Each structure stands twice: as C-alpha cells, then as structure tokens.
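> One predicted model, sequence on top.
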Amino acid sequence: MKFEPKEDIKRIIVVCIAAVIMALNIKSFVRTGGLYPGGATGLALLIQRSGAMFFHVTLPYTVINVALNAVPVYIGFRYIGRKFTLYSCLMIVLTSVLTDILPGYVITYDTLLISIFGGLINGFVISLCLHMNATTGGTDFIAIFLSERKGIDSWNIVLGLNVLILAAAGVLFGWDKALYSIIFQYTSTQVLHMLYKKYQQETVFAVTNRAEAVCEAIAGTTHHGATIIEGQGAYEDRERKIVYSVVSSAESKKVIQAIKQADPHAFVNLMKTEQVAGKFYQKPNE
C-alpha cells in the first residue's frame, strides 16, 4: 500500500468535502422528507426511526451506520483494495459523525422535490467519492465487488436490493414515503451512471490503414488488446483494416485521441456494450 503525499492530500480533502455534503443532504433533504435512501444509510435511518417509534430509544446514527458497514468494510479490505477501503472508512465515519452533530436546514417540505434533488446530490457525492477511489460505504462495496468479479455494471442490482429496505420501511411507516424513496434512489442511480463510467464498456471499431499502430495506441492507453479484421472499403473499392476492441466508457475519449494520433485518417465508431464475457482488464483498486 503506497502513499503519494500530493495525491493523497487531494483525496482526503475531496472525501471530507463529500462527507459534509452527504451529511447535509441527509439532514436537510432525507430526514425532512422522511425518506429511506437505501443501502447502509437507509437501513441506519430505518433502525433509528424504529427505535424511536416502537421502543422510545434514541440511537446515535454514527453507532448504527458504523456497525452496519462492518461487513462491507471487510469485503473491501479482503477483495477490493486496502487503500480504497481506508478512504472509504474515512468517508463513512466522518459522514456519520457530521450527521449527528450538524444542524439541519429545511429547504422545502415538498416530498417530490426532496426526492429528486436529494437523489441528485446523493448520486453526485457517490460519484465524487468513486472518482477519488473511495466509496460512501454499505452497498457501494458490494456493487464494486460484483462489478469487478462479474465484469458488469451492477449498480442496478444494488438498486433492486435497496427495494427490500424500502419495502420494510413501507410496512412499518407507510408506503408513501417508501415510494418517494424509490424516486430518490432511482434518481441517484441515474446520476451515478452518467458521472461514473468505469464499469461500463464501449466497443471500438476503427477503420484504418495503420492497424498495428492503432492497436499499440489502444494497448498503451488502456492495457486492452485488439483484434484486426480484414475489410474492404465500398466507396473506393480498396482493402481496409478494421481494429476491434472493447474499452471502459471512462477511457473512450482518451482512446479516440490516441487512435487519431496513430492515424489521423482513421474512421472510429463507438457503441455501447451491454456485457463482456471473458478476460477484460480493470485497473485494480489500491
């Protein structure tokens, strides 16, 4: 586990900012709207409210959230990356403490607006953490574990798991808040898909006369291999080479730039890839 002072200080600052935003979102939107955002956060709020309503006990959010993240943190240390998990632990603990001590600011009482804008903020914070090679904890660890093991974008699977928490909230506290919480979670997931694309893939087709140079450019940029296919241009009736490869969506712009440097006249087509089976290189988390 190697530490780089400049990069790590930047990551710590960004994670701290993300924790403040997440805590304010919980206090100003989630709690005002009585929502359950899913994951460890939603489960912690569900336990808190159950304790207050049924047992008249006030449970600290920090204690519940840290306890719920024990197993996901173990998964992170064991299967994802130690440095990644350490920064995630900073995010989990700091968010939990700030949620307990920061005051809440009511911006609106409209539950639909709270669901949408709270979900937007939640998705932004999760994306911000992931770009800094950290996570907000809970089911995010599970999503990353599944994404790296199965080679798929598993955030929608986690959305399905969160529905179980929302169903429990609906049974205990009413279905209106649970249904609004689904809007919150769906909005958050869509923002995450838009801002964080590491586990999404795109297929690259490059028609070129410098196939070997294009393959080297793709490999040098992404560590992904490529396949050269024989082709023929219909317009000029001349032989062409087609380079085929699959890359991460987060790398697609760099790939196009590298291909254009290798062959300025190359014709490049990118298509969204639903699923990849076989060996696909993923940059390991630290």
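Structure's in. What do you need?
> how near is Asp176 to Ser115?
Per Cβ to Cβ, to the nearest Å, Asp176 is found 11 Å from Ser115. Bear in mind the C-beta positions are built from the backbone N, C-alpha and C, glycine included.
> the more surrounded of the two?
Of the pair Asp176 and Ser115, Ser115 is the one with more neighbours under other Cβ atoms under 10 Å, namely 26 against 11.
> which SSE is that one in?
Assigned by DSSP states H and E, Ser115 belongs to helix 111-131.
> Look through this protein and report the residue furthest from the middle.
Going by Cα atoms, centre = their mean, the residue of the chain most distant from its centre is Asp237, 45.8 Å out.
> quick one, phi psi at that residue?
Main-chain torsions, Asp237, degrees, to the nearest 10: phi 60, psi 50.
> Same question for Leu270.
With angles defined as degrees, to the nearest 10, Leu270 sits at phi -110, psi 140.
> hang on, isn't it packed against Ala206?
No: at 9.6 Å, Leu270 does not count as touching Ala206 under the criterion of Cβ atoms under 8 Å.
> thinking again about what came up before, just the angle between the helix or strand just after the helix holding Ser115 and helix 111-131, please?
Next in sequence after helix 111-131, counting helices and strands by DSSP H and E, comes helix 139-150. Interaxial angle of helix 139-150 relative to helix 111-131 (axes from the mean of the first three to the mean of the last three Cα atoms, to 10 degrees): 50 degrees.
> Which SSE is immediately downstream of helix 139-150?
With DSSP H and E, the next secondary element past helix 139-150 is helix 155-173.
> could you dump that following helix to PDB, C-alpha only?
C-alpha atoms of helix 155-173 as PDB (Å, rounded to 0.1, in the frame of the first residue of the first chain):
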ATOM      1  CA  TRP A 155     -25.500  -0.600  -9.700                       C
ATOM      2  CA  ASN A 156     -29.000  -1.600 -10.900                       C
ATOM      3  CA  ILE A 157     -28.600  -4.800  -9.000                       C
ATOM      4  CA  VAL A 158     -27.900  -2.800  -5.800                       C
ATOM      5  CA  LEU A 159     -31.000  -0.700  -6.600                       C
ATOM      6  CA  GLY A 160     -33.000  -3.900  -6.600                       C
ATOM      7  CA  LEU A 161     -31.600  -4.900  -3.200                       C
ATOM      8  CA  ASN A 162     -32.400  -1.500  -1.800                       C
ATOM      9  CA  VAL A 163     -36.100  -2.100  -2.700                       C
ATOM     10  CA  LEU A 164     -36.100  -4.700   0.000                       C
ATOM     11  CA  ILE A 165     -35.200  -2.000   2.600                       C
ATOM     12  CA  LEU A 166     -37.800   0.300   1.100                       C
ATOM     13  CA  ALA A 167     -40.400  -2.400   1.400                       C
ATOM     14  CA  ALA A 168     -39.700  -2.900   5.100                       C
ATOM     15  CA  ALA A 169     -40.000   0.900   5.500                       C
ATOM     16  CA  GLY A 170     -43.300   0.900   3.700                       C
ATOM     17  CA  VAL A 171     -44.700  -1.900   6.000                       C
ATOM     18  CA  LEU A 172     -43.500  -0.100   9.200                       C
ATOM     19  CA  PHE A 173     -44.000   3.600   8.400                       C
END
